[in-house]
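**Student:** build me a model from this:
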Amino acid sequence: MPVAKAETRSFSIFSARSIYDMMHRMRISPLTVLASSFFCAACFFILSPAAASEAGTSAVGAKDEVIQTVENHYRNTNDLTAGVVQKTALKTLGKTQKFDGTLKIKKPGKLRLEYSNGQLVVIDGKTALFYSKKSEQVIKKAFTDFAHMNIPVSFLLGAAHIRDDFSVHLPDAKTPRMLELVPLKQGAAMKKLTMQTDETGRILQMTIFDKSGNVTEIQFTDVRENIGIDDQAFVFKAPRGTEIIEQ
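**Tutor:** Sure, this is the predicted structure:
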């Protein structure tokens, strides 16, 4: 409003002039006066409601622009493959586990994550399978949506509609491509997620914080998109003798 603007301007001029006159009478050096002027200018910027509002609006604009870029990118991505490097800090055990593997994703709702240690996760759009070669077991459960599954990379299945499932925050305006997401749905497996993207909207890395205090960091490498992955990649036939556990 005009009145608020006039008050802010008179306050800043009064402060700078008063400090300058006082230092002049005290015979303080011009360099010190110059420094005080910069200080007053900084105070004006910090205290000015208009400046604060402008900065807030800019941050919101940056956040919206980044999230729109991400959603557009994955809306136009029909399938992808990538290398995965995963590090999980387990709070209760007090140790960190490291994995690497390959990821395949295809719309709608198909995922295959194959770790180098013999573990495998396959989602065919309806069912999620967790296979362990070491224990010779398959755990089979219905796949509802990625937010309720404890499969960090499955977040990419819904990356075209992030704002439908998460509230989006910008923790640091200096790094606008690093966003923090908090699930909107009750019962979500994760507490929050942070992600780093590039200028095209591609997600480069994610950090997932679950409700048990565990933290999982994931980096994606050698990403290839829209290459035409065969549906057979998301079909899993358990080896003979494998125990199947349905949940």
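**Student:** ranges for the helices of the protein?
**Tutor:** With helices called from DSSP state H, the chain shows them at 2-25, 30-47, 49-75, 162-165.
**Student:** going by neighbour count, list what's buried in stretch 154-167.
**Tutor:** Across stretch 154-167, burial judged by 16 or more other C-beta atoms under 10 Å covers 154, 155, 156, 157, 158, 159, 160, 162, 165, 166. Heads up, the C-betas are built off the backbone N, CA and C, glycines and all.
**Student:** which stretches of the chain have low pLDDT?
**Tutor:** Residue ranges of the chain with pLDDT under 70: 1-61, 145-150.
**Student:** isn't residue 131 right up against residue 117?
**Tutor:** No. At 11.7 Å, residue 131 and residue 117 do not qualify as touching, with contact defined as C-beta atoms under 8 Å.
**Student:** so which of the two has more stuff around it?
**Tutor:** residue 131 (21 against 14; other C-beta atoms under 10 Å).
**Student:** got the contact list for the closest residue to that one other than its chain neighbours?
**Tutor:** The shortest distance from residue 131 to any non-neighbouring residue, by C-beta to C-beta, 6 or more residues apart in numbering, is to residue 120 (4.3 Å). With contacts taken as C-beta atoms under 8 Å, 6 or more residues apart in numbering, residue 120 has the following neighbours: 112, 113, 114, 129, 130, 131, 132, 133, 236.
**Student:** ok, back up a step: residue 206: which of the buried residues of stretch 154-167 is nearest?
**Tutor:** Nearest to residue 206 among the buried residues of stretch 154-167, counting by C-beta to C-beta, is residue 155 at 6.6 Å.
**Student:** that closest one touches residue 194, doesn't it?
**Tutor:** No. Judged on C-beta under 8 Å, residue 155 makes no contact with residue 194 at a distance of 11.3 Å.
**Student:** shared neighbours, these two?
**Tutor:** residue 206.
**Student:** residues contacting residue 219?
**Tutor:** Per C-beta under 8 Å, 6+ apart, neighbours of residue 219: 84, 85, 86, 204, 205.
**Student:** out of these, which sit inside strands?
**Tutor:** Judged by DSSP state E, the contacts of residue 219 include 84, 85, 86, 204, 205 as members of strands.
**Student:** now the two most distant members of these.
**Tutor:** The distance between the two most remote of the ones in strands among the contacts of residue 219 (C-beta to C-beta) is 14.0 Å, for 86 and 204.
**Student:** which one's more surrounded, the two?
**Tutor:** Under the criterion of other C-beta under 10 Å, the comparison of residue 86 against residue 204 puts residue 86 first, with 20 against 14.
**Student:** just to revisit the earlier point, for the buried ones among the contacts of residue 120, write the corresponding PyMOL selection.
**Tutor:** Entered in PyMOL, the line below selects the buried ones among the contacts of residue 120, by 16+ other C-beta under 10 Å:
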select buried, resi 112+113+114+129+130+131+132+236
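**Student:** switch the contacts of residue 120 over to JSON lines; also include distance to residue 227.
**Tutor:** Below are those laid out as JSON lines (distance: C-beta to C-beta, whole Å):
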{"residue": "112", "distance to residue 227": "14"}
{"residue": "113", "distance to residue 227": "17"}
{"residue": "114", "distance to residue 227": "17"}
{"residue": "129", "distance to residue 227": "23"}
{"residue": "130", "distance to residue 227": "26"}
{"residue": "131", "distance to residue 227": "24"}
{"residue": "132", "distance to residue 227": "29"}
{"residue": "133", "distance to residue 227": "27"}
{"residue": "236", "distance to residue 227": "21"}
